[in-house]
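Participant: Here's my sequence, what's the structure:
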Amino acid sequence: MDNSKYFLNNIKYPSDLRKLKEDDLIQVSKELREFIIDVVSSNPGHFGASLGVVELTVALHYIYNTPYDKIVWDVGHQAYGHKILTGRREAFHTNRKYKGISGFPSPSESKYDSFGVGHSSTSISGALGMALASQYKNEKNRNIVAVIGDGSMTAGLAFEGLNNAGIQNSNILVILNDNHMAIDPNVGALNDYLLDITTSRTYNKVKDEIWNVLGKVKKFGPNTQSFIQKIENGIKSIILRQSNLFEALNFRYFGPVDGHDVTHLTQVLKDLKDIPGPKLLHCLTKKGKGFKQAELDQTAWHAPGLFNKDTGEKIIIKSNKPTPPKFQDVFGHTIVELAEKNKKIVGITPAMPTGSSLNIMMEKMPDRAFDVGIAEQHAVTFSAGLATQGLIPFCNIYSSFMQRAYDQVIHDVALQKLNVVFCLDRGGLVGSDGATHHGAYDLAFMRTVPNMIVAAPMDEEELRNLMYTAQLKDMGPFSIRYPRGKGIMPDWELPMKKIEIGKARILLEGNDIAILTIGAIGAQLTKLYERFELEDIKIAHYDMRFVKPLDENLLHKIFNNHNKIITVEDGTLVGGFASAVIEFMVDNNYSAKVARLGIPDKFIEHGTQDELYKECGYDSESIYNKAKEMLTQTDKKKIIENIKNIRHIRN
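Facilitator: Residues are numbered from 1 along each chain as shown. Coordinates of the predicted model:
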């Protein structure tokens, strides 16, 4: 047996952890951190966040009787240690892989995952619901804990949860994991406020003395404890420049405490179990703790990809051939190019400057690019306010995160016909982040909004042209969605030009079958051109560009000339691009055999994008098979004869 892994190898579930002495938890934490580094270095995933909460994770499962006691992890980036300690150590090498364990907590995967997460700021509301349900069912001694980062605390949903929890007198503990980071450094007044608390030497000295008093006061009765609490609150307010925000919401505030001192954390958590009502423990941690490079560059090591665990060198697979850029980088460079010529353009992102590549504009034009924190609703309405004053906001939000701001899109932007340009990154299946992050629904929910233009570029040049078009005069609300990952054009920095709204592209003419694609997924079809040509199947390929408005002139031509049609979209089939085409067909009394390829009416789990395209039936091979299936028997006989002739010629 490897003695350096002695403890971890014998911990399958938290009940095994709780058999150890408190002094052993330091070694457990060391082994757990090493295990995460070892696995994630060769199987990429979220790295820095999980390293930062190793000691907190160990302490929580040591003190609380999980899974009876509930721990709700906000977002879930930091939950790798939790997964390893709750029965998934041996399966952890499959993390984020196709048919493997999820990168986020999932109740369908384990009873220790009390709440499904992936998006930020849901933990407090979810935990409050559990706490009140426990009270209602008269469940004794059940503890509910929400672990939320200071980045997630900036979102409105977190404050809504705190506000409600403060009046419910629920037995809930909120642990504020404060590392001054989301994926990028945190911004805003709350970040400054937390920094004020954590750096006040006088406050922290008095806080420790108060803590010692409170630890002894319980034996004197509730009236004495109430009196001491009032003294504590008054001292906190005097020492800090402003009253304690959390105590103003009726939360007992404790901290800040060192989030990497596992023995002290266990004592603190043990004490807090005996204090009733809503409580908040302010826990200071360092993202990437224990891995030098991750501590020094926390943004780059949020999800670093493959790396050498001994040297910290990132492993980058280089190609001798020119490679296409990421779509997000095309956006980042293009918005700067546009903004240099149009002084009205500004950029907005809700806490994703690096992920969206808006950081390029933030570096070159800091007064015209805004990171508003994890606050998608605010980002949209803030953009609307800018637009009312004649500016042209490019509001860049991941497709799945835009779901959180749908009311603002309708009420604050579309209803007022404001020229806000929504650049929806990660449109379609995103890969290993799975169901919580797939951009499956934006084409469907955006096309239902009056006044909204809904577009999806097939390649980098088209993205640039759509961005150029969107900032022209009187365009109104404009949605441009593009996928995660690289495009198809190594030479993409071409002069930009206006695209006629609602005008599709004819990429290939043919009489046998018409294939209509929307967005970058159209590249799956271009791979098949030679294969269809070899088999003498004459396909027509139309890159529709716009879901709204549709190119109705072209659709009339298509339905007049074809009775076999395939639609392909990297989005939901329910109400999406295919639905728009079929609505047109019905409204205009056409009749054709239409096959719809896209995301089915279910949640798709994680895997590579190619694996998921195949699962959903719209990778290149699936498109080819569907086209062959739709051909008439006569067409099939013709293909067979042609194949025989080709083989005869080759022989």
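Participant: going forward, measure contacts between C-alpha atoms and count neighbours the same way
Facilitator: Noted.
Participant: Can you tell me which helices and strands the helix or strand hosting Gln328 packs against?
Facilitator: In this assignment (DSSP states H and E), Gln328 forms part of helix 327-341. Here helix 327-341 touches strand 345-349, helix 353-356, helix 359-364, helix 460-470, going by 3 or more CA pairs under 8 Å, 6 or more residues apart in numbering; DSSP states H and E.
Participant: In terms of secondary structure, what does the last one contact?
Facilitator: Put plainly, it is helix 460-470. The contact analysis (3+ CA pairs under 8 Å, 6+ apart) places helix 460-470 against helix 327-341, strand 478-481.
Participant: residue contacts, the spatially closest residue to Cys616 that is not a sequence neighbour?
Facilitator: Using CA to CA, 6 or more residues apart in numbering and skipping the chain neighbours, the partner closest in space to Cys616 is Ile599 (5.8 Å). Counting by CA atoms under 8 Å, 6 or more residues apart in numbering, Ile599 makes contact with Ala440, Glu569, Asp570, Gly571, Thr572, Leu573, Cys616.
Participant: Distance check, the closest residue to Asn95 other than its chain neighbours against Lys614.
Facilitator: Nearest in space to Asn95, with sequence neighbours left out and distances taken as CA to CA, 6+ apart, is Ile101 at 4.9 Å. Separation of Ile101 from Lys614 (CA to CA, to the nearest Å): 19 Å.
Participant: Equivalent analysis for Asn451, please.
Facilitator: Separation of Asn451 from Lys614 (CA to CA) stands at 35 Å.
Participant: Ok, Phe35 next?
Facilitator: For Phe35, the distance to Lys614 - CA to CA - is 33 Å.
Participant: Counting neighbours, go ahead and name the busier of the two.
Facilitator: Phe35 (18 against 15; other CA atoms under 10 Å).
Participant: next SSE after the helix or strand containing that one?
Facilitator: Assigned by DSSP H and E, Phe35 belongs to helix 25-42. Per DSSP H and E, the first helix or strand lying C-terminal to helix 25-42 is helix 48-52.
Participant: list the helices and strands that next one packs on?
Facilitator: helix 25-42.
Participant: Buried residues in whichever strand in the chain runs longest, which are they?
Facilitator: Counting residues, the longest strand found in the chain (DSSP state E) is strand 564-572. Within strand 564-572, the residues that count as buried by 16 or more other CA atoms under 10 Å are Lys564, Ile565, Ile566, Thr567, Val568, Glu569, Asp570, Gly571, Thr572.
Participant: Which member of those residues is positioned nearest Gln524?
Facilitator: Nearest to Gln524, judged by CA to CA, of the buried residues of strand 564-572 is Val568 at 9.5 Å.
Participant: Quick check: bridge partners of the closest one?
Facilitator: Judged by DSSP bridges, the bridge partners of Val568 are Thr517, Leu597.
Participant: Do you know the pLDDT at it?
Facilitator: pLDDT, Val568: 98.
Participant: ok, now the one 3 residues further on?
Facilitator: Gly571 carries a pLDDT value of 98.
Participant: Same check on Asn250?
Facilitator: In this model, Asn250 is scored at 89, pLDDT.
Participant: you'd agree it is up against Gly166?
Facilitator: Yes: counting by CA atoms under 8 Å, Gly166 is a contact partner of Asn250 at 4.7 Å.
Participant: and stretch 487-496, how far out from the chain's middle?
Facilitator: Relative to the centre of its chain, stretch 487-496 is centred 27 Å away, using CA atoms, centre = their mean, to the nearest Å.
Participant: and it, average pLDDT?
Facilitator: Taken as a whole, stretch 487-496 has a mean pLDDT of 96.
Participant: Same question for it: list its buried residues.
Facilitator: Across stretch 487-496, burial judged by 16+ other CA under 10 Å covers Gly487, Ile488, Trp492, Met496.
Participant: same question, stretch 476-490
Facilitator: For stretch 476-490, burial by neighbour count (16+ other CA under 10 Å) applies to 476-488.
Participant: Reformat these as a markdown table; add distance to Ile71.
Facilitator: Output for those, formatted as a markdown table (distance: CA to CA, whole Å):
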| residue | distance to Ile71 |
| --- | --- |
| Gly476 | 45 |
| Pro477 | 41 |
| Phe478 | 41 |
| Ser479 | 38 |
| Ile480 | 38 |
| Arg481 | 36 |
| Tyr482 | 36 |
| Pro483 | 33 |
| Arg484 | 31 |
| Gly485 | 34 |
| Lys486 | 37 |
| Gly487 | 40 |
| Ile488 | 44 |
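Participant: Among those, find me the one that's closest to Gly390.
Facilitator: Closest approach to Gly390 among the buried residues of stretch 476-490 (CA to CA): Gly476, at 11.6 Å.
Participant: can you pull the contacts of the nearest residue to the closest one once chain neighbours are set aside?
Facilitator: Closest residue in space to Gly476, ignoring its immediate chain neighbours: Asn419 at 3.9 Å, by CA to CA, 6+ apart. Taking CA under 8 Å, 6+ apart, we find Asn419 in contact with Ala387, Ile392, Pro393, Val413, Gln471, Asp474, Met475, Gly476, Pro477, Phe478.
Participant: For PyMOL, write a command that selects the buried ones of those.
Facilitator: Buried residues within those, by 16+ other CA under 10 Å, are selected in PyMOL with:
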select buried, resi 387+392+393+413+471+475+476+477+478
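Participant: Arg464: which of the contacts of Asn419 is nearest?
Facilitator: Nearest to Arg464 out of the contacts of Asn419 is Gln471 (CA to CA; 11.3 Å).
Participant: follow-up on the earlier one: of all the helices and strands packed on helix 327-341, which one comes closest to Asn10?
Facilitator: Relative to Asn10, the nearest member of the helices and strands packed on helix 327-341 by CA to CA is helix 353-356, separated by 38.5 Å.
Participant: Can you say which helix or strand has Ala540 in it?
Facilitator: In the assignment (DSSP H and E), Ala540 maps to strand 539-543.
Participant: Give me the phi and psi angles of the residue lying closest to Asp425 once chain neighbours are set aside.
Facilitator: In space, and not counting its chain neighbours, Asp425 is closest to Tyr398: 4.6 Å by CA to CA, 6+ apart. When read as degrees, to the nearest 10, the backbone of Tyr398 gives phi -60, psi 140.
Participant: Also Gly510?
Facilitator: Torsion angles at Gly510 (phi, psi; degrees, to the nearest 10) stand at phi -170, psi 160.
Participant: Make 59 the first number, not 1, from now on.
Facilitator: Renumbered: residue one is now 59, and that last one reads Gly568.
Participant: Provide the count of other residues in contact range of it.
Facilitator: Using other CA under 10 Å, Gly568 has 14 other residues around it.
Participant: what's the answer for Ala107, then?
Facilitator: 28.
Participant: that older thread, quick one: common contacting residues for Asn308 and Gly224?
Facilitator: Taking CA under 8 Å, 6+ apart as the criterion, Asn308 and Gly224 both touch Pro336.
Participant: Many thanks, have a good one.
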